[in-house]
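Visitor: here's my sequence, what's the structure:
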Amino acid sequence: MTHASPRAPHHGDHHGTHHGDQPDHHGDQPDHDADQAEILDLDAEALAEHTASITAWLPVATAPRRILDLGCGTGAGTLALLARFPAAEVTAVDSSPNHLRRLREKAQVAGVSDRVRTAEADLDATWPELGTPDLVWASASLHHLADPGRALRRVRDLLAPGGLVAVVELAGFPRFLPEDAPDDRPGLEERCHAALAHHHAEHLPHRGADWGVALTAAGFVVEAERTIAVNVEATHTGVVGRYALSGLRRLRGGVAGLLSPEDLAALDRLLDTDDPRSLLRRDDLAVRTERRVWAARPETTTTATRPTPVRPTQVRPTG
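Guide: Residues are numbered from 1 along each chain as shown. Below is the predicted model of the structure:
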């Protein structure tokens, strides 16, 4: 889940994000950004293979040279795109200076800093000069916006002839526990997310939108769609436990006043790293969610410049 914050974060999504759906976190903005950056980095590490599979799937006619990453977060999408297209340069846009600083640090370590330009901007406000990209990547960012349709129309006007836009969204924040866990309060994780459903419906009206419809309304033709079932087991990578702990700690901040005392106590036991029932002592954790991807071009693009359309597919990677 590549998560993003295209504007000042107010609801704790991370993908973004990366990119996910989490409760508000109030208090010092630097503290919030630091917490969010940690989640974004864990998300990027846990879902790296899935992100790479999406960039490899993109129906590009020729390799793009100029890429725009809208709501880049700490750079999961930016770095994946640079790896996929070694001749490309990326302009990475986010509202958080801390996220952009972290992205630049990662680019330096990866040896690609000369191919990255960052721009701090609120995508619901005035956009900076972003050039004429061949590919626009928006991962877990559009649902943050007050008017995503306006943003998509701006993308349509920016794109170079024959250019492509890729929209990537998660089907909600990942689940980590089995459905019947924990033993003392089975189904706890789902109840936590259900407790936040009203909040998300009010504050994230575009969460779960059909972006194919939104793209069409903004003047695009959807060429390909893909659904990826994500199931990364803890045995596959050590990051899963850390991701679960960080994510559920943040989730607790939004559900503390909504859960029963018994559920809240069970959640606290999971989050207590000294408790024998702690998340970090479990061997049955996994990152489970779905990612949906839409690839589209402006409807004015002639069929002669388009690659062969890709039919929607359901792909289930093994981890």
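Visitor: which residue ranges of the stretch 201-319 of the chain form strands?
Guide: 220-233, 286-298, 313-315 (DSSP state E, counting those that start in this stretch).
Visitor: just these: most buried one?
Guide: Ranked by mean neighbour count, those are led by strand 286-298 with a mean of 22 (mean count of other Cβ atoms under 10 Å). C-beta: built from backbone N, CA, C; applies to glycine.
Visitor: please state the offset of that strand from the chain centre?
Guide: Its chain's average C-alpha position is 9 Å from that of strand 286-298, according to Cα atoms, centre = their mean, to the nearest Å.
Visitor: pLDDT weak spots in the protein?
Guide: 1-34, 198-209, 236-237, 301-319 (pLDDT under 70).
Visitor: ranges for the helices of it?
Guide: Assigned by DSSP state H, the chain shows helices spanning 29-46, 48-57, 76-84, 97-110, 148-158, 188-195, 197-203, 211-217, 239-255, 261-271.
Visitor: please identify the most buried of those.
Guide: Among the helices of the chain, ranked by average contacts under mean count of other Cβ under 10 Å, first place goes to helix 76-84 (a mean of 26).
Visitor: which residues sit against it?
Guide: 2-4, 18-19, 40, 43-44, 47-48, 51-52, 54-56, 58, 67, 69, 72, 88, 90, 92, 103, 106-107, 110, 112, 115-116, 135, 137, 139, 168 (Cβ atoms under 8 Å, 6 or more residues apart in numbering).
Visitor: what's the distance between the closest residue to D268 other than its chain neighbours and L267?
Guide: Of all residues not flanking D268 in the chain, R252 sits nearest, at 7.6 Å (Cβ to Cβ, 6 or more residues apart in numbering). In this view, R252 and L267 are 6 Å apart by Cβ to Cβ, to the nearest Å.
Visitor: quick check: neighbours shared by these two?
Guide: Taking Cβ under 8 Å, 6+ apart as the contact rule, R252 and L267 both touch C192.
Visitor: about what we covered before: which stretch among the helices of the chain comes nearest P174?
Guide: Nearest to P174, of all these, is helix 239-255, at 7.1 Å by Cβ to Cβ.
Visitor: packing partners of the closest one?
Guide: Helix 239-255 is packed against helix 29-46, helix 188-195, helix 261-271, strand 286-298, with contacts defined by 3 or more Cβ pairs under 8 Å, 6 or more residues apart in numbering; DSSP states H and E.
Visitor: of all the ones you listed, which one is nearest D124?
Guide: The nearest among those, by Cβ to Cβ, is helix 29-46 at 17.3 Å.
Visitor: what's the separation between R191 and A56?
Guide: R191 sits at a distance of 37 Å from A56 (criterion: Cβ to Cβ).
Visitor: contacts only, for the closest residue to T273 other than its chain neighbours.
Guide: Leaving aside its sequence neighbours, T273 sits nearest to L280 (Cβ to Cβ, 6+ apart; 5.6 Å). For L280, the residues meeting the contact criterion (Cβ under 8 Å, 6+ apart) are G241, L245, T273.
Visitor: mind checking how far L280 is from L145?
Guide: Distance from L280 to L145, by Cβ to Cβ: 36 Å.
Visitor: now swap in G162 and tell me
Guide: Applying Cβ to Cβ, one obtains 26 Å for the distance of G162 from L145.
Visitor: same question for Y243.
Guide: For Y243, the distance to L145 (Cβ to Cβ) stands at 26 Å.
Visitor: repeat for Q36
Guide: Distance check for Q36 against L145: by Cβ to Cβ, it reads 17 Å.
Visitor: with S260 instead?
Guide: Taken as Cβ to Cβ, the span from S260 to L145 is 35 Å.
Visitor: pick out whichever of those two has more residues nearby.
Guide: Under the criterion of other Cβ atoms under 10 Å, the comparison of S260 against L145 puts L145 first, with 20 against 11.
Visitor: among the helices and strands packed on helix 239-255, which is nearest D157?
Guide: The nearest among the helices and strands packed on helix 239-255, by Cβ to Cβ, is strand 286-298 at 8.6 Å.
Visitor: show me what that closest one is packed up against.
Guide: Strand 286-298 sits against helix 48-57, strand 164-170, helix 211-217, strand 220-233, helix 239-255, with contacts defined as 3+ Cβ pairs under 8 Å, 6+ apart.
Visitor: now the longest one against strand 220-233, angle please.
Guide: Here helix 239-255 runs at 110 degrees with respect to strand 220-233, directions being taken by axes from the mean of the first three to the mean of the last three Cα atoms, to 10 degrees.
Visitor: try the first one
Guide: Counting by the same axes, to 10 degrees, helix 48-57 points 150 degrees away from the direction of strand 220-233.
Visitor: by contact count, what packs against helix 48-57?
Guide: For helix 48-57, the packing partners by 3+ Cβ pairs under 8 Å, 6+ apart come out as helix 76-84, strand 220-233, strand 286-298.
Visitor: extract the CA atoms of it and return them as CSV.
Guide: Extracted C-alpha coordinates of helix 48-57, given in CSV (Å, rounded to 0.1, in the frame of the first residue of the first chain):
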residue,chain,number,x,y,z
ALA,A,48,7.1,-3.9,-2.0
GLU,A,49,6.5,-6.9,-4.2
HIS,A,50,2.9,-5.9,-4.8
THR,A,51,3.9,-2.4,-5.8
ALA,A,52,6.5,-3.7,-8.1
SER,A,53,4.0,-6.0,-9.8
ILE,A,54,1.7,-3.0,-10.4
THR,A,55,4.4,-0.9,-12.0
ALA,A,56,5.4,-3.9,-14.2
TRP,A,57,1.7,-4.3,-15.3
